[in-house]
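**Student:** A structural model of the following input is requested.
(chains A and B)
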Amino acid sequence: MRTNDRKRRRFRLTTHADQMPVPAMIAKYFMLIVIGFSFLYPILKVLTTSLMSPDDLADAHVGWLPSSISFRNYESAVRTLDYGSTLLYTLLLVCGPTLLQMMTCSFAGYAFARFEFPGKRLWMSLLLVSYMLPFQITMIPLYVQFNHLRMIGSVGAFLVPAALGQGLQGALCVLVFYQFYLQLHPSLIDAARIDGAGQATTYIKVAVPLSSPAVIVTAVFSVVWYWNETDLARLYLGFGRQASKNGLTTMMLRLEDFVNMYQKLFDHSGATIDPLNDGIFYAGIILVIAPVLLFYLLIQRWFMESVESSGITGE
Amino acid sequence: MPRNTNLRRRPSRVQLRNWLTAYLFLLPWLTGLALLVVSQVGQSLYFSFCNVSISNGLSMTLIGLSNYAAIFESSSAYLMEVGEFALLTLIRTPMIISFSLMMALMINKPFKGRALFRMLMFLPVVIVSGAVMTMLTNRGLMSMPYMDTAAATAAISGALPEWLANAASEFLASVMAVLWNSGVQILLFLSGMQKVSSAMYDAAKIDGASAWECLWKITLPVLRPIILLASVFTIVSLSAQPSNATISMITDAMYGMDLNQGYGYASAMAWLYLVVIAVLLAIAWLLLKAGKPVERKEYAGVYARR
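**Tutor:** Below is the predicted model:
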């Protein structure tokens, strides 16, 4: 018994092997804190500046913290962004495509992972090609096509590609589901089949409920990417508000047009609001990123667990 | 899979039903592939050889390679932009990959505060992957908060020979961009690392391998396909970044007043861009493709036993 123990220590078979020496530990924490701080720095800077009154902004002595917290910038930014209705439109343009895309990609991933069929290799290589294809290539003909179908400026331009699995990073979503269903133990599926469940029932009652890690990963990716997307939104919803028929717009577009919009508002209502300053613009940025940030903070624990369990990585 | 040729020639009823089910599951995605990818790519290629006018309906006249020739003749700004993109991608992709691999290694094993740092790593993707990033960069908020980059560059150029100083200052300028573009890649690696069976490390340790040797002999070879995947993701996402001027140049040509430009010219611009991206992807693939393929079944077996 004793020799066994000694051997064990010599070969560091136990968890002690994972313990780092103290200097390495300090170096690791130092690096992580430095990098973590550089990620947080712009957000903190934008947040504190957005809370400053015009006096604080003009005062060179006020560096980081505002001398008094003022929410006036937020009032102006809410009016400029037309926050309420823009938020509703954006939620529609984010959640709709996300849900549809997840459904189609789950179907496709399940088919690739669970079945052998003629043409599988061809479709899978086309999946990889579509993953690598930059959207600049299909951008122009798609615009022409959607314009022909009178879908420019409507929700359809976002919903249709998503429902057909070709939304933002649709190929990556298919790969995530494919990878996940591949790992799912076949005996679970077989058991359901033996109990007399049809293919559809097996999918709905067994595969889908078990695939929550893949669902969470793709949901976070899709929501974040649709929220932050500007190029397609510019193309489909047009330049400025007048181009889209029903005022459809996204947060990011409004933010890009912030300066113009504010000037317009400022000209109309004269003395009631302040001239545009960094504080108001930064308040706008905070308002735009707040919903998606909140979503991530709420879901991040499950998201990280899913990332580690589901394997978002193809082989 | 059919076991012999006889079965392949005449599939059984069960097989036929399975094929049908598979294609039913695939149907929406296949429709999208056909309608939104394959046909559009063909259309775009055709556009690039045409003069497209939209004054009264869409009318196309084939003009051969004139669009491409015109780009090389008159759009030197665009060519410069594409060249700059290629150079930047060549520099940044290895930086992003090695940085995100390092971060993933650091936060892979349990330690105090792991959950917090893990959350922070993906934060850049959440908040500033879009237009906000460009805005903040333009306002100088993306520079290193604890370091005066300009002063550092000046100091470097004083001390080093010119070409080395240029490389060093390029490196400094890239550091923040690298940090901010590594979120998804870190996740890819983190997810991949969970698949390396701990039995392999135990076996290596019994044979007296150090942690350093384990990294090079076990972790990196197993992660090789994921490094390739992450490189592809990096190149494609760098190519579609909002701060990348090529996209706005293409859309400008689409809506431009210049009658010789329009959709055809813009499509040709996009195809030139695709060629550059394809070359970059090919480089990544040649460097990272598996020399000797990992035996798939064996690998899956290790995973299943875990």
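
**Student:** Could you use CA atoms for every contact and neighbour count after this?
**Tutor:** Will do.

**Student:** Contact residues of the stretch 51-200 of chain A facing chain B?
**Tutor:** A:104-105, A:107-108, A:110-112, A:115-118, A:130, A:132-138, A:140-142, A:161, A:163-166, A:199 (C-alpha under 8 Å from any C-alpha of the partner chain).

**Student:** switch the cut-off to 7 Å
**Tutor:** Within the stretch 51-200 of chain A, the residues that sit near chain B (C-alpha under 7 Å from any C-alpha of the partner chain) are A:104, A:107-108, A:111, A:115-117, A:132, A:134, A:136-138, A:140-142, A:161, A:164-166.

**Student:** Quick one: low-confidence residue ranges for the stretch 101-250 of chain B.
**Tutor:** Applying pLDDT under 70 to the stretch 101-250 of chain B flags residues B:128-130, B:140-160, B:162, B:166, B:169-170, B:173, B:242-243.

**Student:** A:Tyr226: how many residues sit nearby?
**Tutor:** If you count neighbours by other C-alpha atoms under 10 Å in any protein chain shown, A:Tyr226 ends up with 25.

**Student:** Quickly find the element holding the residue lying closest to it once chain neighbours are set aside.
**Tutor:** Excluding the flanking residues, the one nearest A:Tyr226 by C-alpha to C-alpha, 6 or more residues apart in numbering or on different chains is A:Val94, at 5.5 Å. Taking DSSP states H and E as the criterion, A:Val94 maps to helix A:83-114.

**Student:** Buried ones in that helix, by neighbour count?
**Tutor:** A:83, A:86-87, A:89-114 (16 or more other C-alpha atoms under 10 Å in any protein chain shown).

**Student:** Next: stretch B:85-92.
**Tutor:** Under the neighbour-count criterion of 16+ other C-alpha under 10 Å, stretch B:85-92 has B:85-86, B:89, B:92 buried.

**Student:** how far away is A:Gln183 from A:Thr218?
**Tutor:** 17 Å (C-alpha to C-alpha, to the nearest Å).

**Student:** Give me the more crowded residue out of the two.
**Tutor:** Neighbour count, other C-alpha under 10 Å: between A:Gln183 and A:Thr218, A:Thr218 has more, with 29 against 15.

**Student:** shouldn't the more buried one be in contact with A:Cys173?
**Tutor:** Yes - in this structure A:Thr218 lies within contact range of A:Cys173 using C-alpha atoms under 7 Å: 5.8 Å.

**Student:** per-residue pLDDT, A:Tyr203?
**Tutor:** You'll see A:Tyr203 listed with a pLDDT of 90.

**Student:** ok, how many other residues are close to it?
**Tutor:** What A:Tyr203 shows, counting by other C-alpha under 10 Å, is a neighbour count of 17.

**Student:** Can you list the low-confidence ranges for the stretch 201-315 of chain A?
**Tutor:** A:238-246, A:266-276, A:310-315.

**Student:** if you set the cut-off to 50 instead, what comes out?
**Tutor:** Applying pLDDT under 50 to the stretch 201-315 of chain A flags residues A:240-243, A:271, A:314-315.

**Student:** and the gap between the nearest residue to A:Met103 once chain neighbours are set aside and B:Met249?
**Tutor:** The spatial neighbour of A:Met103 that comes closest, neighbours along the chain excluded (C-alpha to C-alpha, 6+ apart), is A:Ala163 at 7.8 Å. Noted for A:Ala163: a distance of 30 Å to B:Met249, by C-alpha to C-alpha.

**Student:** Counting neighbours, go ahead and name the busier of the two.
**Tutor:** Set A:Ala163 next to B:Met249 and count neighbours by other C-alpha under 10 Å: A:Ala163 wins out with 25 against 17.

**Student:** Pull the contacting residues for that one.
**Tutor:** Contact partners of A:Ala163, counting by C-alpha atoms under 7 Å, 6 or more residues apart in numbering or on different chains, are A:97, A:100-101, A:104.

**Student:** rerun at 8 Å
**Tutor:** A:97, A:100-101, A:103-104, B:28 (C-alpha atoms under 8 Å, 6 or more residues apart in numbering or on different chains).

**Student:** circling back to that earlier point, next secondary structure element downstream of the helix holding A:Val94?
**Tutor:** Downstream of helix A:83-114 (by DSSP H and E), the next one is helix A:120-132.

**Student:** From the contact counts, what lies against the very next helix or strand once past that following helix?
**Tutor:** Note on helix A:120-132: by DSSP H and E, the next helix or strand toward the C-terminus is helix A:135-148. If you count contacts as 3 or more C-alpha pairs under 8 Å, 6 or more residues apart in numbering or on different chains; DSSP states H and E, helix A:135-148 packs onto helix B:39-48, helix B:262-288.

**Student:** out of those, nearest to B:Val126?
**Tutor:** helix B:262-288 (25.5 Å; C-alpha to C-alpha).

**Student:** Now the closest one: buried residues?
**Tutor:** In helix B:262-288, residues buried by neighbour count (16+ other C-alpha under 10 Å) are B:262-274, B:276-278, B:280-281, B:284-285, B:288.

**Student:** same question for it, mean pLDDT?
**Tutor:** Mean predicted lDDT for helix B:262-288 stands at 88.

**Student:** Show me which residues of the stretch 201-306 of chain B are close to chain A?
**Tutor:** Residues of the stretch 201-306 of chain B lying near chain A (C-alpha under 8 Å from any C-alpha): B:202, B:205-206, B:208, B:225-226, B:229, B:232-233, B:236, B:239-240, B:242, B:247, B:254, B:263, B:266-267, B:270-271, B:274.

**Student:** Just the buried residues of those.
**Tutor:** Buried by 16+ other C-alpha under 10 Å: B:202, B:205, B:225-226, B:229, B:232-233, B:236, B:239-240, B:242, B:247, B:254, B:263, B:266-267, B:270-271, B:274, out of these.

**Student:** export the contacts of A:Ala163 to CSV and tack on distance to B:Met60 and pLDDT?
**Tutor:** Formatted as CSV, the contacts of A:Ala163 follow (distance: C-alpha to C-alpha, whole Å; pLDDT from 0 to 100):
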residue, distance to B:Met60, pLDDT
A:Pro97, 33, 94
A:Leu100, 35, 95
A:Gln101, 34, 94
A:Met103, 38, 94
A:Thr104, 35, 94
B:Pro28, 31, 93
